[in-house]
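# Need coordinates for the following:
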Amino acid sequence: MSVNSKIYTPYTLPCGVSVRNRLVKSAMEENMSSAGNLPGSALYTLYRYWAHGNLGMVITGNVMVDREAMTGPGGVALEKETPLEAFERWAKIIKSNGALAVMQINHPGRQVFKNMQGKAIAPSAVPLDMGKHSKLFAQPREMTCADIHEVCQRFVQTAKQAEKAGFDGVEIHAAHGYLLTQFLSPLTNQRQDEWGGSLINRARLLINIVSQVRAVCPKNFIVMVKLNSADFQKNGFSFDDACEVVNRLEALGVDVVELSGGSYEAPAMQGQTRDNTTLAREAYFLEFAQTLESKTDIPLMTTGGIKRASVAEKVIGQGCELVGLASALAFTPDLAKKWQQEWSYSGVIPDCTWRDKSLASLANMAMVRRQLRRLGNNLTTLRNPSPLWSLLLDLMHRKAMTKRDVAANKRHRENSTI
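Numbers count the residues shown, from 1 in each chain. As a prediction, the model looks like this:
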């Protein structure tokens, strides 16, 4: 079965670049940067596992366009003036066995932890609603038009830097409740100017970023967009909205749209929603991809809960050209190889069943990040990690990284004013 499966066949993207197979390591947040928010030895070791795991493409975890606005401590940032040596080495490692290297670029907007003391900005000053956990996040400031134009330029500059460093492309993150999602969603974008109101206005920032990245990067540079199929919150960004945005992205020559969904408030990317939508147990967003496939010529990719080869094959057979694997590759980095050896092999995805859904979501992410850190230290992964112990270890790691990053940013601000 595995020898003849379509998941192991090549595919040529609209920009002319060929992917050797349909299996893609999708982005996961690692919180494993070296000093200065640069990739270093831990990330290099981690990505070597995926580089030699027989994947067609490897997408990095969040690379932030502004070091003052991070999704979490220990993140990677790439700005206009950032030295490229560490990123050049990262790209070479990812590409060392034939996989394509794509950098996910992002801005958190309002999804900034308060203790990071960073820049929390948003289209409107709507704070996160995480119940009793809301106090963990900073109160966002409504962006001025100048702020919006600056963010646009930051995305474009980071994409150009990624291309200079040897990456094959970028994935612009417009999902999971981060800044570009906040512009797209009527729940978080309550502006009355040209950046709010109609869907065309709410999508303006994303469209501007994509068109400018296309303009400054070579024709064979891959440009992907990660897009929510929906917010999975009442009166939020809907699937019909997503279809309209994809149509506009198609006109700009986007190479792949990766369909995902949800946010910190409704973590559909972990199978949880807040609008009573029922998601599949694996390939959460495949139904949305199937419907969208008939409406666009853009190659589609879906990520979310995929851990078996038969499900990956189903994804390809039902409208997607690429299959995104995330959490399963944290536990089994060579999963694509294992499927070739044993088609029925099932990967591992954590599933914390605590009653507090927000806390369970944090525990799930902590279990994944624990595996990533183990791989970065050349240790074997754990098939059944404790959610509580993983969360405690993650909190200790994040506390240390927060202390380091806050101090570094303070020094950076002081040096900038001298």
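
# Longest helix of this structure, counting residues only.
Longest helix of the chain, by residue count under DSSP state H: helix 387-417.

# That one: which residues count as buried?
Using 16 or more other Cβ atoms under 10 Å as the test for burial, helix 387-417 gives Pro387, Ser390, Leu391, Leu393, Asp394, His397, Arg398, Met401, Thr402, Arg404, Asp405, Asn409. For the C-beta atoms, the positions are set from N, CA and C on the backbone; glycine is no exception.

# Could you do stretch 92-100 as well?
Ile93, Ile94, Lys95, Ala99, Leu100.

# Quick one: end-to-end distance for it.
Distance between the two ends of stretch 92-100: 10 Å, counting by Cα to Cα, to the nearest Å.

# residues in contact with it?
Residues outside stretch 92-100 that contact it (Cβ atoms under 8 Å, 6 or more residues apart in numbering): 17, 19-20, 25, 44, 47-48, 50-52, 55-58, 60, 101, 166, 168-169, 222.

# quick one, strands of the stretch 51-200 of the chain?
57-59, 63-64, 76-77, 100-106, 121-122, 141-142, 169-174 (DSSP state E, counting those that start in this stretch).

# ok, back up a step: I'd like to know which of the buried residues of helix 387-417 is nearest to Glu79.
Asn409 (12.5 Å; Cβ to Cβ).

# Can you tell me the closest non-neighbouring residue to that closest one?
Glu68 (6.3 Å; Cβ to Cβ, 6 or more residues apart in numbering).

# Grab the nearest non-local neighbour of Tyr44.
Ile93 (5.5 Å).

# Quick check: Tyr44 touching Arg89?
Yes - the pair Tyr44 and Arg89 passes the contact test of Cβ atoms under 8 Å, sitting 6.7 Å apart.

# who's in contact with the nearest residue to Gly53 once chain neighbours are set aside?
The spatial neighbour of Gly53 that comes closest, neighbours along the chain excluded (Cβ to Cβ, 6+ apart), is Asp334 at 4.5 Å. Contact partners of Asp334, counting by Cβ under 8 Å, 6+ apart, are Tyr49, His52, Gly53, Asn54.

# Near the first one, how many residues? Count them for me, please.
Residues near Tyr49, counting by other Cβ atoms under 10 Å, number 19.

# From what I see, it and Leu375 are in contact.
Yes - counting by Cβ under 8 Å, Tyr49 touches Leu375, with 5.5 Å between them.

# Mutual contacts of these two, please.
Pro333.

# For the residue lying closest to Ser34 once chain neighbours are set aside, give its distance to Arg89.
Distances taken as Cβ to Cβ, 6+ apart place Gly40 nearest to Ser34, at 2.7 Å, with adjacent residues excluded. Gly40 is 9 Å from Arg89, where distance means Cβ to Cβ, to the nearest Å.

# and if you look at Ala309?
32 Å.

# Same drill for the two, tell me which one is more crowded.
Ala309 (26 against 17).

# Val311 versus the residue nearest to that one when sequence neighbours are not counted, what's the distance?
Nearest residue to Ala309, sequence neighbours excluded (Cβ to Cβ, 6+ apart): Trp339, at 4.0 Å. Per Cβ to Cβ, Trp339 is found 11 Å from Val311.

# who has more neighbours, those two?
More crowded of Trp339 and Val311, by other Cβ under 10 Å: Trp339, with 26 against 17.

# Which residue ranges of the protein form helices?
So, for the chain - with DSSP H - the helices run 41-51, 85-94, 145-164, 179-184, 199-202, 204-216, 239-251, 286-293, 309-317, 327-331, 335-341, 357-376, 387-417.

# So which bits of the first one are buried?
For helix 41-51, burial by neighbour count (16+ other Cβ under 10 Å) applies to Ala42, Leu43, Tyr44, Leu46, Tyr47, Arg48, Tyr49, Trp50, Ala51.
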